[in-house]
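In: One predicted model, sequence on top.
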There are 2 protein chains.
Amino acid sequence: MTEEWFSESLDGNFAHYYRVKKLLLKKRTPFQEIKVLDTYAFGKMLVLDGAVQTAVEDEYIYHEMIVHLPLITHPQPQNILIIGGGDGGALRRVLEHPVKKATLVELDEEVIKVAKEFFSEIHKGAFEDRRAIVRTENGVEFLKERKEEFDVIIVDSTDPVGEARVLFSPEFYSQAYRALKEEGILATQSGSPFFQKEVVKEAYFGLKKFFPIVKVALFPTPTYPGVLWSITLGSKKHHPLHISKAEIERRIKKRGIFGKNKYYTPEIHLSSLSLPQFLIEVLENGS
Amino acid sequence: MTEEWFSESLDGNFAHYYRVKKLLLKKRTPFQEIKVLDTYAFGKMLVLDGAVQTAVEDEYIYHEMIVHLPLITHPQPQNILIIGGGDGGALRRVLEHPVKKATLVELDEEVIKVAKEFFSEIHKGAFEDRRAIVRTENGVEFLKERKEEFDVIIVDSTDPVGEARVLFSPEFYSQAYRALKEEGILATQSGSPFFQKEVVKEAYFGLKKFFPIVKVALFPTPTYPGVLWSITLGSKKHHPLHISKAEIERRIKKRGIFGKNKYYTPEIHLSSLSLPQFLIEVLENGS
């Protein structure tokens, strides 16, 4: 890799390379190294400890999926918690729904500062919304005090290494379960089905210990290594497939998010939950 | 790129890099440069003019999709034509169905020789099947003489540059239409929906000129640049979505392909045809 290219790989044998216009920021926080790169193919890109978190040109896919899948599955989501998500892309999509309150708990306050300075295309001012509560603290600590409080919890974290490790643990899922109301839904990013099968399994079987309904959704994100990515949903009552295309359409319109999406549609909601045979077998083969 | 890595990019700004164990073959034919690489992440890989065509570890996704989507949509496919596909991966899947005849027309006989020598994991001896007819000639010339002969035509070609250019032209689609029986279906690879929107449009609107039913299917292939890839179907009579999950399941079992697939399932058949909003808009905005 020359100085003009940034690369990322999950296995050391297959890598994504991005041609870089300019390194806009590089700083070390108590938690991680933050870089902001301006790339030719995907615009500005947020990189934490060498891993691409989000990019201006393709962030819509991941953020629409991790927010609309659980929020549309829920009949009336009002109080939402986002753990991680310091770029504000998930917060912005949550606030497109008529929710009453959206709490964002990000470990690293520097990520939020960087997002405010460099990524207004992604958060679009969501941090300033009067329904948004932004806290910079440990998400696990935050959750410990909570009981039957949230309709939806979104875990928009880095991969399960370092500080984010605990966000994939049964202990955390147990606390999240308790913090959700009786119709509550949790959505967590759960890695690459090609290169991180153990991460998908960890989320899937971890959630299965507590939630009666657990489903994995797939979607492509060009700036994530291997592109195909997964979100795993744990739901107390509402099944993300037991909702008709017409009802999804109705909720999209009623909540005022019609015409705002570039990836998510009623058909994509349902079809993203169909898994390829190899992944069905991975999830049948136990934890 | 050092000698130990092979890279491919569609736009010069975003590239896939593969760590190479060994260059097994490099030769120039009258039509193209052929390379066979042994890679750490995806095993042996066939590269034509610098573009990855297939790799042992992920070939199943593309080949299952380009074969089973049209063949399962067709109630009784008996006579199949494959244009291109010299690696034999599509031919092998076609012959898993109880077809009477499968004709493979590959322009470059060297590709078939290389496939026979290096890619038995992909073709599994399909070239020697008594129902297979293997011809090395120009697919367009081959088609010119044909009328209402085939049930399914599969265009398993390189990208629309050089010799393959004509395989994306309205003239070719018109000839293919004529060469198909009245229940006939054509399936063609149609590029990356992220990086080659003009290729997807060219196939979609080209087929629309002749076929009453035209649908785009999406699926991930890690060794294709940008990973998310498309196949476009043109069908005279049978709609690939107007078939129930139960009927797909029934055909899979009846034809003896149950348990042979690692990607394709009845759910994937249907869900692969759901398009993201951005692509719906690309295809609504005309040719």
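Out: Arrived safely.

In: how far away is residue A:12 from residue A:225?
Out: Computed as Cβ to Cβ, to the nearest Å, the residue A:12 to residue A:225 distance reads 11 Å. To be clear about C-beta, it is placed using only N, CA and C from the backbone, and glycine gets the same treatment.

In: Name the residue in the two with the higher neighbour count.
Out: residue A:225 (24 against 9; other Cβ atoms under 10 Å in any protein chain shown).

In: quick one: that one and residue A:161, what's the gap?
Out: Distance from residue A:225 to residue A:161, by Cβ to Cβ: 14 Å.

In: Show me which residues of chain A sit near chain B.
Out: Contact residues, chain A versus chain B (Cβ under 8 Å from any Cβ of the partner chain): A:7, A:9, A:11-19, A:39-42, A:58, A:61, A:194, A:220, A:222, A:226-228, A:261-265, A:267-268, A:270-278, A:280.

In: Of these, which belong to helices?
Out: Using DSSP state H, A:61, A:267, A:268, A:270, A:271, A:277, A:278, A:280 are the members of the residues of chain A next to chain B that sit in helices.

In: all helices for chain A, in order.
Out: Per DSSP H, chain A carries helices over the ranges A:59-73, A:89-96, A:109-118, A:120-123, A:139-144, A:170-179, A:197-208, A:245-254, A:266-271, A:277-284.

In: can you tell me which residues contact residue A:5?
Out: A:17, A:18, A:19, A:20 (Cβ atoms under 8 Å, 6 or more residues apart in numbering or on different chains).

In: Dump the residues you listed to a markdown table, plus neighbour count.
Out: Putting the contacts of residue A:5 into a markdown table (neighbours: other Cβ atoms under 10 Å in any protein chain shown) gives the following:
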| residue | neighbour count |
| --- | --- |
| A:17 | 23 |
| A:18 | 24 |
| A:19 | 18 |
| A:20 | 21 |
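
In: closest to residue A:214 among these?
Out: For the contacts of residue A:5, the closest approach to residue A:214 (Cβ to Cβ) belongs to residue A:18, at 33.9 Å.

In: Can you tell me how far the closest one is from residue A:73?
Out: 34 Å.

In: Pick out the residue closest to the middle of chain A.
Out: The centroid of chain A falls nearest to residue A:156 when counting by Cα atoms, centre = their mean (3.5 Å).

In: pretty sure it is touching residue A:189, no?
Out: Yes - because the distance of 6.4 Å satisfies Cβ atoms under 8 Å, residue A:156 is recorded as touching residue A:189.

In: and for those two, which residues touch both?
Out: Shared contacts of residue A:156 and residue A:189, defined by Cβ under 8 Å, 6+ apart, comprise residue A:66.

In: measure the residue nearest to the centre of chain A to residue B:222 for me?
Out: From residue A:156 to residue B:222 the distance is 24 Å (Cβ to Cβ).

In: Tell me who's in contact with the closest residue to residue A:210 other than its chain neighbours.
Out: Using Cβ to Cβ, 6 or more residues apart in numbering or on different chains and skipping the chain neighbours, the partner closest in space to residue A:210 is residue A:177 (4.3 Å). Contacts here follow Cβ under 8 Å, 6+ apart; on that basis residue A:177 touches A:184, A:186, A:210, A:211, A:234, A:236.

In: quick one: pLDDT of residue A:177?
Out: With respect to pLDDT, residue A:177 scores 98.

In: correct me, but residue A:42 touches residue A:61?
Out: No - in this structure, residue A:42 is not within contact of residue A:61 by Cβ under 8 Å, at 11.6 Å.

In: and those two? which has more neighbours close in?
Out: residue A:61 (24 against 20).

In: Contacts only, for that one.
Out: The contact partners of residue A:61, by Cβ under 8 Å, 6+ apart, come to A:219, A:220, A:221, A:262, A:263, B:276.

In: per-domain residue ranges of chain A.
Out: Here the domain parsing of chain A from automatic domain parsing is A:5-55, A:59-284.

In: Can you give me the buried ones in whichever strand in chain A runs longest?
Out: Longest strand in chain A by number of residues (criterion: DSSP state E): strand A:14-28. Of all the residues in strand A:14-28, those buried under the rule 16 or more other Cβ atoms under 10 Å in any protein chain shown are A:14, A:15, A:16, A:17, A:18, A:19, A:20.

In: Repeat that for stretch A:119-128.
Out: A:119, A:122, A:123, A:124, A:126, A:127.

In: of those residues, closest to chain B?
Out: Checking the buried residues of stretch A:119-128 against chain B by Cβ to the nearest Cβ gives residue A:122 as the nearest, at 16.6 Å.

In: Name the nearest residue to that closest one, ignoring sequence neighbours.
Out: Once flanking residues are discounted, residue A:122 sits nearest to residue A:89: 4.5 Å by Cβ to Cβ, 6+ apart.

In: Run through the stretch 101-250 of chain A and note the low-pLDDT ranges.
Out: Nowhere does the stretch 101-250 of chain A drop to pLDDT under 70.

In: Where does it get nearest to chain B, residue-wise?
Out: Chain B sits closest to residue A:227 of the stretch 101-250 of chain A, with a gap of 3.3 Å, by Cβ to the nearest Cβ.

In: what number of residues lie near the residue lying closest to that residue once chain neighbours are set aside?
Out: Closest residue to residue A:227 apart from its sequence neighbours, by Cβ to Cβ, 6+ apart: residue B:227 at 3.3 Å. Residue B:227 has 24 neighbours, counted by other Cβ under 10 Å.

In: ok, now residue A:30?
Out: 8.

In: Just list the residues touching it, thanks.
Out: Residue A:30 neighbours (Cβ under 8 Å, 6+ apart): residue A:108.

In: got the phi/psi numbers for it?
Out: Backbone torsions of residue A:30, given as degrees, to the nearest 10, read phi -60, psi -20.

In: swap in the one 10 residues further on?
Out: Recorded main-chain torsions at residue A:40 are phi -70, psi -40, according to degrees, to the nearest 10.

In: Report pLDDT for it.
Out: 96.

In: what sits against the residue nearest to it when sequence neighbours are not counted?
Out: Once flanking residues are discounted, residue A:40 sits nearest to residue B:13: 3.7 Å by Cβ to Cβ, 6+ apart. By Cβ under 8 Å, 6+ apart, residue B:13 lies in contact with A:18, A:19, A:39, A:40, A:41.

In: one more time with 7 Å, if that's ok
Out: A:19, A:40, A:41 (Cβ atoms under 7 Å, 6 or more residues apart in numbering or on different chains).

In: right, and residue A:81 touches residue A:101 too?
Out: No - taking contacts as Cβ atoms under 7 Å, residue A:81 lies outside contact range of residue A:101: 9.1 Å.
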